[in-house]
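Trainee: Coordinates for the following, if possible.
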Amino acid sequence: MALPLPTNPSRLTKQPAWEWLNSLTLTEKGLFLSPILVQPKIFISCLHSAGKEELLKSEQITHVFSFAQQPNEIYSYPNKELSGLPGLEISSPNSVYTKLGIKRYLFQLQDNDKNSDSQIQTAFQCFEELCRENYHQNILIHCQLGASRSVSFVAALIAKSENWSFKKAVLEIRKHREVGIDQGFAEHLCRILRITFE
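Mentor: Numbering: from 1, shown residues only. The predicted structure follows:
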């Protein structure tokens, strides 16, 4: 069944067809690192907070999963594999992550329904595997605002592990932070991962 589209395309003010997808009332500057209490311990943040050395240190972040790159970063893609997934770990000689010895993974997925099935599948497989293999460590996932792509991936991880609907997982996350999920991105993710949307 086709779903109605948001009436206002503005990133911060749009209201999705399902109210539970959006509790975002803050500006970009108001979105800060905040813990989501799942196992493993996963943190969601916006791009700005994800680059703050003091926050990364205080929360003892060991791995960062990114949907957006920090300003002025130059990347190299080593010929490494994460359990069969090639070229996912990146390094940047001038980044705070390199300085702190944090492992970094970058997937530049669009915050809409235009990503390919294989892009979504590969990125989620990497995230799921990263969480499973580092369950005893603190992992930070971030996108531009820390409200849509990163929240969607954490919600999908919770939904899969707990056999919940995506909606139930999102409502659990909303107890901890604001969300502003792109409906098209979330529906595509749920379809690929065979997760019940509502």
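Trainee: Sketch out the low-pLDDT regions of this protein for me.
Mentor: Across the chain, the stretches falling below the confidence threshold (pLDDT under 70) are 1-21, 23-40, 71-94.
Trainee: Please, where are all the helices along it?
Mentor: Under the criterion DSSP state H, the chain contains helices at 47-50, 53-58, 96-100, 117-133, 149-162, 166-173, 183-193.
Trainee: Packed most tightly, which of those would that be?
Mentor: Looking across those with neighbours counted as mean count of other C-beta atoms under 10 Å, the highest average goes to helix 149-162: a mean of 24. To be clear about C-beta, it is placed using only N, CA and C from the backbone, and glycine gets the same treatment.
Trainee: Run through who's touching it.
Mentor: Outside of helix 149-162, the residues within contact range by C-beta atoms under 8 Å, 6 or more residues apart in numbering are 36, 38, 42, 44-45, 65, 67, 109, 111, 123-124, 127-128, 131, 141-143, 164-166, 168-170, 172-173, 177, 179, 181-182, 185-186, 189-190, 193, 195-196.
Trainee: Contacts only, for the residue nearest to K99 when sequence neighbours are not counted.
Mentor: Using C-beta to C-beta, 6 or more residues apart in numbering and skipping the chain neighbours, the partner closest in space to K99 is E53 (7.3 Å). Shown here is E53, whose contacts under the criterion C-beta under 8 Å, 6+ apart are V96, K99, L100.
Trainee: isn't the first one right up against E54?
Mentor: No - with the criterion set as C-beta atoms under 8 Å, V96 and E54 do not qualify as a contacting pair; they are 10.0 Å apart.
Trainee: Tabulate the CA atom coordinates of stretch 61-68 in PDB.
Mentor: Taking only C-alpha atoms (Å, rounded to 0.1, in the frame of the first residue of the first chain), the coordinates of stretch 61-68 have been written out as PDB:
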ATOM      1  CA  ILE A  61      33.600   5.300  22.500                       C
ATOM      2  CA  THR A  62      35.700   2.600  20.700                       C
ATOM      3  CA  HIS A  63      33.900   2.400  17.300                       C
ATOM      4  CA  VAL A  64      32.100   5.000  15.200                       C
ATOM      5  CA  PHE A  65      29.600   4.200  12.500                       C
ATOM      6  CA  SER A  66      29.000   7.200  10.300                       C
ATOM      7  CA  PHE A  67      26.500   8.300   7.600                       C
ATOM      8  CA  ALA A  68      28.100  11.700   7.300                       C
END
